[in-house]
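whatever this is, show me its structure:
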Amino acid sequence: EAASWVFSGRSRMKNPIRNRSIVHLVPRNENIKTQSTRNEILSLGKFRFLSTAIVDDNPGKLEHEFRREGVRNVAIVAHVDHGKTTLVDTLLRSSNGGTDDERLLDSGELERERGITISSKVTRCDYKNTTINIVDTPGHADFAGEVDRVLSLVDGVCLVVDAAEGAMAQTKYVLSRALSLGKNPIVIINKADRLDGLSKIESGETESQLLDLFDSLGASEQQLDSLTYTLYASARNGWITDDQEVASEIAKKGNAGFGNGMSLLLDRIIELIPEPNVTSRTNEPCEDGSFTLSGESFQNDPFSMAAVTVGYDSYLGRMCTGRITSGSIRIGDECVVLKANSKAEEVEMESKEPKDTSSISGVFVNRGISRTKLEPPIGYAGDVITLAGVPNSIAVGDTITKAENPVEEALEALPLAPPILAMEFGANDGPLNGSEGSEVTPTKIRNRLMVETDNNVTLTVEKARGSDKTVVLARGELQLGILIEQMRREGFELVISPPKIMTKVSDDGKTILEPFEEATVDVDSEYAGYIVSALTGDRKATLLGIEDSDFGKSRLLFEIPSRGLLGFHSEAATATRGSAVVNHCYLDDRPITQLGEGLEKGKLISSESGKASHYALTSLEARGTLFIEPGDLVYPGMIIGQNAKQGDLEVNPVRSKHATNMRTQAKDERVYLQPPKKMSLEELLGYMGPDEMLEVTPSSIRLRKAELNPVERRKAARVKKQKKDALKQKIR
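The predicted model follows:
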């Protein structure tokens, strides 16, 4: 009625079409030649639309989006232990980018000890005149923040799925993040040579699970089409194929005559993963409609790169790794940092002091685990590189740009999932403080934790109110356990409070919310009943489903409060003889749930100091399960075992047999002690009670009461009991 035509479509450019903007309608096959500044070209139906903003509204050149030819950026994502790091190692060997080492990328000491990937790593290989940047990511849910931050580097993902286990909790998380960002996945069903996996491939069960998962996560038609290019592989044996029958034959007869290695996957990456998306102000689309340009075409654009990892080298200075979004960078260029969500004008106006600028001293890339100089030493838009000599103020998520021709505002950072756990770190105040470590002061502990936040973006460090302790917010017990283990190996002595679940208030201010998680437990079928009883009892889980396999295994799916999972991993492993594998993934926040009282265990507490004696421990063995052995140092308030009954019990573990001149028939009797129960750091984090602390030193890990004075502990216990009784009376 307003005598206007209405058009709908998706803009390919960042620049908006404002009110009263001039819009030109041009036939599809007609060349577009205008003297005014262009904004964008869209292919819709039989026409191409060119929008040109009025000069008064938007002065200066506007940005166009292009593709950088000759480069592919891809991330390998998967659930823990599905074989993604082995796959990357095999890819590097296939492209002559690696050595014959057993594990190339999991090179850290803790990564090799535990057999998991802890931090994301970027490497590159050259294949068929194409540079392929590959990002290896952790598979454990506690390190999901590593996946979140590196997805900005890549234009597609390779989703690795275990043929036997299928889609797991972390598979759903990483796939949902990739799909929501518009990344096209290449699906790889790994471990296809195993009998249990082969049977599921032949029956189509694994592919059916993946199709349902894609559909439930709202995948687009183009993303669903990626399932038609599913690959079957055995990363450990170094083969991959797109034919299910060939995979079955190799699994049964071996891959002696199958010699393509991983070249098929490299071909698929080049074919299906798009070139990096690049913004440019100095280039315009070609007359033939092509949007793909070489790296040299972008060297006159303003340089911008978001820092994904930061570090320090004693020789090269401050370093950062990221993907160049626009422009180019070379040695000697002066750079400045734009903090996240800031603009260049704000950096100039926020203080009268000179800006924090520095000169780039090196441009590097990673090949395997080796950092090598980029030749020639210039990086173009679309490259994933490491810069040395960047300003000291840079942090993960900040944007680095040139001082002479900066970009107008910082690049947008991807949002991260919120932390779930909170713990307090403090200096060791026990009787043995300072005897085993070299870093013992609260200031040094806090400074070390602040340094950790440079790269570990999912960690938040705050000063505790009313004390000299430091509060650390994290995603899970394993993430905190890795951090504590790294600190104790560096010589730190510290005490740690029990982990507490982060709660928040609902929008209406009336309800307290706590995080809930989806937990998957794979266990021998004979122990399935115990797992269901343990989780649905005091831990308040809800059983969603049970799936039995032909190999004597059961998969149980639960929804459970995050508090209910604390300490369950070690409990399940002990009760099921190590057959239970627990995986979990954050769901959402729901009203807080009251857990049962049966989760608190009674403890055996030392009442004396000294070395534990064989004679004393022999008599204490009947009282419960011991955590120490003869010769271990103990002190009052230290927990030496678990009481067989409810409630704490103070005992004397240093008592020795009195020497007399009386002969007895039992003098030559030999007494045997059961081996003590030794728990790992992560197990102790979940085992601690609310009134306990963990004392960590370079050589020892001791569980103790937060209050070492037995008189004060009894007073606190009485107050706690009175509050509990009053609460019960109120409920009645």
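
need the three-state assignment for S393.
coil (DSSP: H, G, I helix; E, B strand; the rest coil).

and it, what does it touch?
V337, D356 (C-beta atoms under 8 Å, 6 or more residues apart in numbering). C-beta coordinates here come from the backbone N, C-alpha and C atoms, glycine included.

flag the shaky bits of the stretch 51-200 of the chain, pLDDT-wise.
Counting by pLDDT under 70, the stretch 51-200 of the chain contains low-confidence residues at 51-63, 94-107.

ok, which stretches of it are helices?
84-94, 109-114, 144-150, 169-180, 195-203 (DSSP state H, counting those that start in this stretch).

reformat those as JSON lines; add distance to K402 and mean neighbour count.
As requested, the helices of the stretch 51-200 of the chain are exported to JSON lines (distance: least, C-beta to C-beta, whole Å; neighbours: other C-beta atoms under 10 Å):
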{"stretch": "helix 84-94", "distance to K402": "33", "mean neighbour count": "25"}
{"stretch": "helix 109-114", "distance to K402": "36", "mean neighbour count": "14"}
{"stretch": "helix 144-150", "distance to K402": "23", "mean neighbour count": "23"}
{"stretch": "helix 169-180", "distance to K402": "31", "mean neighbour count": "21"}
{"stretch": "helix 195-203", "distance to K402": "51", "mean neighbour count": "17"}
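
so which of those gets nearest L694?
L694 sits nearest to helix 109-114 of all the helices of the stretch 51-200 of the chain, at 18.3 Å, using C-beta to C-beta.

so which elements touch the closest one?
Helices and strands touching helix 109-114, by 3 or more C-beta pairs under 8 Å, 6 or more residues apart in numbering; DSSP states H and E, are helix 477-489.

chain center to the helix it packs on: distance?
14 Å (C-alpha atoms, centre = their mean, to the nearest Å).

could you check it and say which residues are buried?
Judged by neighbour count (16 or more other C-beta atoms under 10 Å), helix 477-489 contains these buried residues: E477, L478, Q479, L480, G481, I482, L483, I484, E485, Q486, M487, R488.

ok, those residues vs Q209, which is closest?
Of all the buried residues of helix 477-489, Q209 sits closest to L478, with 25.7 Å by C-beta to C-beta.

sketch out the low-pLDDT regions of this protein for me.
Using pLDDT under 70, the chain drops low at 1-63, 94-107, 255-260, 285-290, 341-355, 369, 596-599, 661-670, 727-728, 730-732.

L633 - how many residues pack around it?
Summarising burial for L633: neighbours were counted as other C-beta atoms under 10 Å, giving 17.

leaving out chain neighbours, which residue sits closest to it?
Closest residue in space to L633, ignoring its immediate chain neighbours: K611 at 6.0 Å, by C-beta to C-beta, 6 or more residues apart in numbering.

residues near that neighbour, how many?
Neighbours of K611 (other C-beta under 10 Å): 13.

hmm, it is touching I628, no?
No. The pair K611 / I628 is not scored as a contact, 9.9 Å apart, by C-beta atoms under 8 Å.

which neighbours do the two share?
Contacts common to K611 and I628, judged by C-beta under 8 Å, 6+ apart, are V634.

list the residues that contact G145.
Counted by C-beta under 8 Å, 6+ apart, G145 has contacts L416, A417, N456, V457, T458, R475.

recalculate using a threshold of 10 Å.
Neighbouring residues of G145 by C-beta atoms under 10 Å, 6 or more residues apart in numbering: S120, P138, L416, A417, P419, N456, V457, T458, L459, A474, R475, Q479.

S699: which of these is nearest?
Among those, and counting by C-beta to C-beta, the member closest to S699 is Q479, at 23.5 Å.

the closest one and A144 touch, don't they?
Yes. Here Q479 reaches A144: they are 9.5 Å apart, a contact under C-beta atoms under 10 Å.

which stretches of the stretch 401-550 of the chain form helices?
442-452, 477-489, 528-536.

ok, now the stretch 551-700 of the chain?
562-565, 568-575, 614-620, 681-687.

ok, back up a step: which neighbours do Q479 and A144 have in common?
With C-beta under 10 Å, 6+ apart as the test, Q479 and A144 both reach P138, T458.

which one's the longest helix in this protein?
Ranked by number of residues, the top helix in the chain under DSSP state H is helix 710-731.

elements contacting that one?
Packing partners of helix 710-731 (3 or more C-beta pairs under 10 Å, 6 or more residues apart in numbering; DSSP states H and E): strand 649-651, strand 701-705.

can you give me the angle that helix makes with strand 701-705?
In terms of direction (axes from the mean of the first three to the mean of the last three C-alpha atoms, to 10 degrees), helix 710-731 departs from strand 701-705 by 70 degrees.

on that earlier part again, the helices of the stretch 551-700 of the chain: which one's closest to L513?
helix 562-565 (11.4 Å).

dump the closest one to PDB, keeping only the CA atoms.
Taking C-alpha atoms only, helix 562-565 is exported to PDB below (Å, rounded to 0.1, in the frame of the first residue of the first chain):
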ATOM      1  CA  SER A 562      26.500 -31.100  39.600                       C
ATOM      2  CA  ARG A 563      26.800 -31.500  43.400                       C
ATOM      3  CA  GLY A 564      25.600 -35.100  43.200                       C
ATOM      4  CA  LEU A 565      28.600 -36.000  41.000                       C
END
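
give me the contact list for that helix.
Here helix 562-565 has contacts from 420-421, 476-477, 499-503, 514-517, 519, 534-541, 558, 582, 584, 586-587, 589, 592-593, 595-596, 599, 686, using C-beta under 10 Å, 6+ apart.

give me that answer again for 7 Å
I420, I501, E514, P515, F516, E517, A519, R539, K540, A541, H584, L595 (C-beta atoms under 7 Å, 6 or more residues apart in numbering).

in contact with the second one, which residues?
Think I501. I420, L421, E514, P515, S562, R563.

my read is that the third one contacts T503, right?
Yes. Between E514 and T503 there is a contact under C-beta atoms under 7 Å: 4.9 Å.

which one's more surrounded, the two?
The residue with more neighbours, out of E514 and T503, is E514; 18 against 14, by other C-beta under 10 Å.

how about the contacts made by the more buried one?
E514 sits next to I501, T503, P561, S562, R563, D589, R590, I592 when contact means C-beta under 7 Å, 6+ apart.

can you say which of those residues are buried?
I501, P561, S562, R563, D589.

from those residues, which two are the most distant?
Pairwise over those, using C-beta to C-beta, the maximum falls at R563 and D589, 12.7 Å.

show me the residue sitting in the middle of the chain in space.
Centroid check for the chain by C-alpha atoms, centre = their mean gives F143 as the closest residue, at 1.9 Å.

endpoint to endpoint, stretch 659-672 covers what distance?
End-to-end span of stretch 659-672 (C-alpha to C-alpha, to the nearest Å): 21 Å.

nope, stretch 234-246 is what I meant
12 Å.

what's the answer for stretch 309-327, then?
First-to-last distance for stretch 309-327 - C-alpha to C-alpha - comes to 20 Å.

look up the closest residue to G197, ignoring the ones flanking it.
A163 (2.9 Å).

got the angle between the longest strand anywhere in the chain and helix 169-180?
The single longest strand within the chain, with elements called by DSSP state E, is strand 512-524. If you take the same axes, to 10 degrees, strand 512-524 sits at 120 degrees to helix 169-180.

give the buried residues for strand 512-524.
If you call a residue buried by 16+ other C-beta under 10 Å, then strand 512-524 has these buried ones: L513, E514, P515, F516, E517, E518, A519, T520, V521, D522, V523, D524.

dihedrals phi and psi, the residue lying closest to the last one once chain neighbours are set aside?
Spelled out, that is D524. With C-beta to C-beta, 6+ apart as the criterion, D524 has its nearest non-adjacent residue at 4.3 Å, and that residue is S579. Torsion angles at S579 (phi, psi; degrees, to the nearest 10) stand at phi -90, psi -20.

wait, S579 touches Y527, no?
Yes. Contact criterion C-beta under 7 Å: S579 and Y527 qualify, at 6.5 Å.
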